[in-house]
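Asks: I'd like to go over a predicted model; first the sequence, then the structure.
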Amino acid sequence: MLLELEQLHLAYGRTEVLKGLTLHLTRGQIGCLLGPSGCGKTTVLRAIAGFEPVDAGEVRIDNRVFSKAGRTVPPEARDIRIVFQDYALFPHLDARDNVAFGLREGRRRERRARAEEMLAAVGLAEAVRAQPHELSGGQQQRVALARALVARPRLILLDEPFSNLDVELRERLGIEVRAVLKEFGATALMVTHDQHEAFAVADEVGVMNQGTLQQWDRPYNLYHRPANRFVADFVGQGVLIPGHVSAPGKVNIELGRLEGRLITDVEPGTDVDVLLRPDDVIHDDDSEMTAEVRYKVFRGAEILYTLRLDSGNRVLALVPSHHDHRIGEQIGIRLDTEHIVAFPRATAEGAWCPTEPPA
Ligand SMILES: Nc1ncnc2c1ncn2[C@@H]1O[C@H](COP(=O)(O)OP(=O)(O)OP(=O)(O)O)[C@@H](O)[C@H]1O
């Protein structure tokens, strides 16, 4: 294990921000913390970097305790580098010298040579002498990444690294950053509130809520096997539909009987809420089951339909966009679920539905 956070507790004054957070990263692994604003993501990075002392629990790196109650190894002694949202480049230094700054040792010529190699690795061989203001946001962030990587630190932390970039660029840069981190075998932890960014970059993603980790898993599992309602709601889209577990692996809902492996632990006889993702609901003109189009969002390749069932419940359906139906039309649907995600029926506040479109 390269990074181990064990039962971390951290409060700002009386406000408890991290409440027993445990997380492990192996060497060469890229992790990402995802969660709503204010859930404590940046605080986790600050605790790892040594900017914030912890109240309880431990931060261990390479089996060495770097933080525990009453003891915080200073940031400069941790061999960690951070890539910030605003790039934090020196405006008066060119790209090469910004990267060379990441090397604290060696002669200037050697440091510049290594900086040039590193810039080439992030695709900026042509821009070594450019000043930050001559570079685009994406290029500046690549310079910042090169500066973080050049000294081969133990761990790289990335704090919302793409949030100043436009959406199109974010995912592309995310894929590039992942490739570079992997090429150098770097261990990295990123924080973001953008799940597409997290999925593009990370091997494993942790969903946080109010200072705790709800699930740490591969992106596929977060989407298809959410551990609880919070994760189901936060990752991807979907609705919860009332159902009843009639037998192991069999759940009755108003659209019929679902059969498949139950992901969550619910006994036969239990009333449940079943998660239906937009890709579970297939548009099929030949199906006898129909639903009314209440709302639609054109997404280019697909249209995301909000459909009203006879009961009044809503489901979402992701449909190829040449199936362009009008609001109010009844369209055929069928379900395609290979496994079932169901949570024991809770209070009404646990369930959610897409909101009605504005009139
Ligand atoms: N220095 C501080 N003093 C007091 N409270 C703080 C301090 N820094 C953060 N907080 C509070 O701690 C909570 C967690 O903050 P943090 O920045 O870790 O959240 P975050 O998940 O990174 O949020 P965002 O996505 O908005 O950046 C917030 O409620 C915030 O207001």
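Replies: Sure thing, it's come through.
Asks: Check residue 350 and give its pLDDT.
Replies: Here, the pLDDT recorded for residue 350 equals 44.
Asks: Residue 104 now?
Replies: Model confidence at residue 104 (pLDDT) stands at 80.
Asks: can you check the one 5 residues further on too?
Replies: The per-residue pLDDT reported for residue 109 equals 91.
Asks: before we move on, what about the one 5 residues further on?
Replies: The model reports residue 114 with a pLDDT of 93.
Asks: so where's the chain shaky on pLDDT?
Replies: For the chain, the stretches with pLDDT under 70 are 346-359.
Asks: Show me which residues of it sit near the ligand.
Replies: Neighbours of the ligand within the chain, by Cβ under 6 Å from any ligand atom: 12, 15, 17, 35, 37, 38, 39, 40, 41, 42, 43, 193. Yep, even glycine has a C-beta here, placed from its N, CA and C like the rest.
Asks: quick one, phi/psi of the nearest residue to the fifth one once chain neighbours are set aside?
Replies: To tie it back to what came earlier, the one meant is residue 37. Computed as Cβ to Cβ, 6 or more residues apart in numbering, the closest residue to residue 37 that is not its neighbour in sequence is residue 193, at 6.3 Å. Dihedral angles of residue 193 (phi, psi; degrees, to the nearest 10) stand at phi -110, psi 10.
Asks: ok, now the one 10 residues further on?
Replies: Here is the backbone geometry of residue 203 (degrees, to the nearest 10): phi -80, psi -50.
Asks: Next: residue 72.
Replies: Residue 72 has phi and psi values of phi -130, psi 110 when expressed as degrees, to the nearest 10.
Asks: Can you name the residues bridging to it?
Replies: residue 67 (DSSP bridges).
Asks: which stretches of the protein form helices?
Replies: Ranges of helices in the chain, per DSSP state H, are 41-49, 95-100, 108-121, 137-149, 167-183, 195-201, 219-224, 229-234.
Asks: Can you tell me which of these is most buried?
Replies: Among the helices of the chain, helix 95-100 has the highest mean neighbour count (mean count of other Cβ atoms under 10 Å), at a mean of 26.
Asks: So if we follow the domain assignment, how does this structure break up?
Replies: Split into domains by automatic domain parsing, the chain comes to 3-224, 238-347.
Asks: now, of those, which is deepest in the fold?
Replies: For the domains of the chain, the highest mean count by mean count of other Cβ under 10 Å goes to domain 3-224, at a mean of 18.
Asks: what distance separates that domain from the centre of its chain?
Replies: 14 Å (Cα atoms, centre = their mean, to the nearest Å).
Asks: what's the straight distance from one end of it to the other?
Replies: With Cα to Cα, to the nearest Å applied, domain 3-224 spans 27 Å between its terminal residues.
Asks: ok, now stretch 35-54?
Replies: The first and final residues of stretch 35-54 sit 21 Å from each other (Cα to Cα).
Asks: Can you tell me what sits against it?
Replies: Stretch 35-54 is contacted by residues 3, 5, 8-10, 17-18, 21, 23, 33-34, 59, 61, 66-69, 72-75, 77-78, 80, 82, 155, 157, 159-160, 189, 191-193, 207-211, 234 when judged by Cβ atoms under 8 Å, 6 or more residues apart in numbering.
Asks: Tell me what the residue nearest to residue 273 when sequence neighbours are not counted is bridged to.
Replies: Closest residue to residue 273 apart from its sequence neighbours, by Cβ to Cβ, 6+ apart: residue 240 at 3.9 Å. In this entry, residue 240 is beta-bridged to residue 275, by DSSP bridges.
Asks: from memory residue 240 sits against residue 275, does it?
Replies: Yes - using Cβ atoms under 8 Å, residue 240 is in contact with residue 275, at 6.0 Å.
Asks: any common contacting residues for these two?
Replies: What both residue 240 and residue 275 touch, as defined by Cβ under 8 Å, 6+ apart, is the set 232, 343.
Asks: close enough to count as contact, residue 339 and residue 258?
Replies: No - with contact defined as Cβ under 8 Å, residue 339 does not count as touching residue 258 (9.3 Å).
Asks: can you pull the contacts of residue 303?
Replies: Taking Cβ under 8 Å, 6+ apart, we find residue 303 in contact with 296, 297, 318, 319, 320, 321, 323, 324.
Asks: how close does residue 88 get to residue 65?
Replies: With distances taken as Cβ to Cβ, to the nearest Å, residue 88 is found 28 Å from residue 65.
Asks: Let me fix that, I meant to ask about residue 140.
Replies: The gap separating residue 140 from residue 65 is 35 Å, by Cβ to Cβ.
Asks: again, but for residue 292
Replies: As judged by Cβ to Cβ, residue 292 and residue 65 stand 60 Å apart.
Asks: do residue 330 as well
Replies: For residue 330 relative to residue 65 (Cβ to Cβ), the value is 63 Å.
Asks: For residue 127, give me its contacts.
Replies: Taking Cβ under 8 Å, 6+ apart as the test, what residue 127 contacts is 95, 119, 134, 135, 139, 143.
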